[in-house]
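> this one's structure only:
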């Protein structure tokens, strides 16, 4: 699912899709911004052919939006360049029907280009493409799969705070924290099954839903694909699908990293292996992971670059509230075999299925930027033949002190100062990312919380 060139002709997929879905009236043209928020335009069916021929125009400032959708002018992508347009082209293979819409509507993922046809540097998908190109040069293909956690929540908040939805079966709000409980899957079976069926209809390889360890919290597992960008496309589209299917069932969803104090946060784990293009074999395949050179090098690179990656893995103020030993969220660079207390887990099973499971990022991360940061670490480790030390056995929280950045400001400083990350991700892009997030942080810190009034209004 690589981007098409500006001179691309109308693909057969348009004709084939419209023939298969003659009822289609509208098409949503989607592009993921810095925060992973899907933006774009809705067009009528007759205009779809033109989109494949000519693309659509959207302002470059789309990639300088903060979480509230406001342009951060310090990025230089807003008024400084006259809020000028770039052109967005379709990503082949992403044209799909939206089963939740009342009016027959399709969707199509887009990616942004300069007017001369070159990819636009500030599109997170382009950030990832540049890192993936390093592996192409090594004759390696990336195999990846995401695990996405989310909460079903009520459409009505209580004093602005979320609450679990009433069960369609019992009418009660769940309070269970029992992980993997099948009964909780039954409570919301219609919604969850519709999520899986809609994913199948859209070609998104969601193959399982698991009850997680908090009330109405679930995890959707995506099947692995041998294309890092495609894996991220699926993750972005799956989030949109889950939100819309929940609306149909009169519920809401949140992918907020930590929506409830005292409950588990929402994570975004990713499994990664590397395929030798010449042989088709997984280069991590082994019956002795602790002794396998390439696997050790890759892990070491991920661990070394993890502090500098944190701003991409945990990009919001709320992201850092998710961390804590009781919630299985590692707060130090660490690795182990079949150990869920470490940051990088190596699941052991079939020798040819050995892979890296990265367990740090929150569900609020942009999948493209998260993947780019992790792959940068893997490539760095492989090319410099780094060593990770021995794997952690037992509870890593009792053996390692917290050392990863535990707030957004420190994470942004680590990213900005990292020579390694600046070698893999354009310094111009890092400047834009940091500017946007520092703007959000400044606005957050300028606000006065309810807790501050409770503590200080009448006591100091």
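Received the coordinates, thanks. As the structure is a computational prediction, the values presented were derived from the model and not from experiment. Numbering: from 1, shown residues only.

> gap between residue 132 and residue 142?
As for residue 132, its distance to residue 142 is 6 Å (criterion: Cβ to Cβ, to the nearest Å). In this view, the C-beta of every residue, glycine as well, is placed from N, C-alpha and C.

> Neighbour count for those two, which is higher?
Per other Cβ atoms under 10 Å, whichever of residue 132 and residue 142 has more neighbours is residue 142, with 23 against 19.

> so what's the more buried one closest to, chain neighbours aside?
Among residues not flanking residue 142 along the chain, residue 228 sits closest, at 4.0 Å (Cβ to Cβ, 6 or more residues apart in numbering).

> so what's that neighbour up against?
Residues in contact with residue 228 (Cβ atoms under 8 Å, 6 or more residues apart in numbering) are 128, 132, 142, 144, 371, 375.

> and the last one, what does it touch?
I take that to be residue 375. Neighbouring residues of residue 375 by Cβ under 8 Å, 6+ apart: 128, 131-132, 134-135, 142, 228, 272.

> Residue 386 against residue 301, yeah?
Yes: with contact defined as Cβ atoms under 8 Å, residue 386 and residue 301 form a contacting pair (5.5 Å).

> Flag the shaky bits of the protein, pLDDT-wise.
By pLDDT under 70, the weakly predicted segments of the chain are 1-11, 176-183, 325.

> can you pull out the strands in it?
Using DSSP state E, the strands assigned to the chain run over residues 26-32, 38-44, 56-59, 85-90, 96-97, 105-113, 140-153, 206-211, 217-222, 252-254, 268-276, 335-337, 344-346, 356-358.

> In this structure residue 265 contacts residue 328, no?
No: using Cβ under 8 Å, residue 265 makes no contact with residue 328, being 9.9 Å away.

> Measure how far stretch 354-370 is from the centre of its chain, please.
Taking Cα atoms, centre = their mean, to the nearest Å, one finds the center of stretch 354-370 at 7 Å from the center of the full chain.

> same thing with stretch 71-85?
Worked out by Cα atoms, centre = their mean, stretch 71-85 lies 25 Å from the chain centre.

> In that stretch, which residues are buried?
Neighbour-count burial for stretch 71-85, counted by 16 or more other Cβ atoms under 10 Å, picks out 71-72, 74-78.

> Next up, the contacts around residue 40.
28-31, 58, 110.

> and it, what are its bridge partners?
Beta bridges link residue 40 to residue 30, judged by DSSP bridges.

> Could I get the contacting residues of the residue nearest in space to the middle of the chain?
Centroid check for the chain by Cα atoms, centre = their mean gives residue 367 as the closest residue, at 2.6 Å. When contacts are counted by Cβ under 8 Å, 6+ apart, residue 367 touches 36, 146, 231-232, 235-236, 268.

> next one: residue 56
By Cβ under 8 Å, 6+ apart, residue 56 lies in contact with 29, 41, 43, 87-88, 110.

> Likewise for residue 276?
By Cβ under 8 Å, 6+ apart, the contact list for residue 276 reads 139-141, 282-283.

> Correct me if wrong: residue 65 contacts residue 33.
Yes: with contacts counted by Cβ under 8 Å, residue 65 reaches residue 33, the gap being 5.4 Å.

> overlap in contacts of those two?
residue 39.

> Identify the bridge partners of residue 336.
Taking DSSP bridges, one obtains residue 345 as the residues bridged to residue 336.

> Check whether it really touches residue 392, as I assumed.
Yes: look at residue 336 against residue 392 with Cβ under 8 Å: they come within range, at 4.3 Å.
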